[in-house]
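sequence and predicted model, in that order:
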Amino acid sequence: MKDKDLKYNNVLDKLKKTEPVLDDAGELTNRIIQRVEQRAAGSGQVRVMRISGIVSGVAASALICLLAYETLKYPLSPVENFSATKPLSPVERVYSCQGAELNHMSKTELIENRIQWKKAQRGQREQLSAAYIVRKTTTKRY
């Protein structure tokens, strides 16, 4: 490690003691300026920035046009439900402002009717799925 440091220091000392040789200072300056101009004009970063700016501008314009199209094509009418919810179920009606005047027995009946309706729907779905499975297993494939 010390040998490398010594060699490094010796090389630095020799470089510091030697002076650069300039034959033609004006020509050297012109070459430096030309290379800087070439790199600045044809820089890859500038080109990438321009292309990405154009692409992002086109994407933003497309999104704005799409949103404007959807707004004009499918406007919301004043009759529509702005909360985008489905109609209230019987159980939800119990707790809504319409069901505030219901007594306890009426609320219980509404809830029981809703539970029976859900059970009937579940039974129908199970019958349909069982019939589908039976039909699928009994059909022959050739």
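Looks like it came in fine.

CA only for contacts and neighbour counts going forward, please
OK.

low-confidence stretches in the chain?
20-22, 39-44, 75-102, 139-142 (pLDDT under 70).

now do the helices in it.
Along the chain, counting by DSSP state H, helices occupy 2-17, 25-41, 44-73, 90-95, 104-138.

pick the most deeply packed of these.
Each of these was scored by mean neighbour count; the highest is helix 90-95, a mean of 17, by mean count of other Cα atoms under 10 Å.

so the chain: which segments form each domain?
Listed by automatic domain parsing, the domain ranges of the chain are 1-75, 86-142.

just the C-alpha atoms of stretch 29-40, please, in PDB.
Output in PDB follows, covering the C-alpha atoms of stretch 29-40 (Å, rounded to 0.1, in the frame of the first residue of the first chain):
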ATOM      1  CA  THR A  29      -8.700  27.400 -28.100                       C
ATOM      2  CA  ASN A  30     -10.600  27.000 -31.300                       C
ATOM      3  CA  ARG A  31     -10.600  23.200 -31.000                       C
ATOM      4  CA  ILE A  32     -11.900  23.400 -27.400                       C
ATOM      5  CA  ILE A  33     -14.700  25.800 -28.400                       C
ATOM      6  CA  GLN A  34     -15.700  23.600 -31.400                       C
ATOM      7  CA  ARG A  35     -15.900  20.500 -29.200                       C
ATOM      8  CA  VAL A  36     -18.000  22.200 -26.600                       C
ATOM      9  CA  GLU A  37     -20.400  23.500 -29.200                       C
ATOM     10  CA  GLN A  38     -20.700  20.100 -30.800                       C
ATOM     11  CA  ARG A  39     -21.500  18.400 -27.500                       C
ATOM     12  CA  ALA A  40     -24.000  21.100 -26.600                       C
END
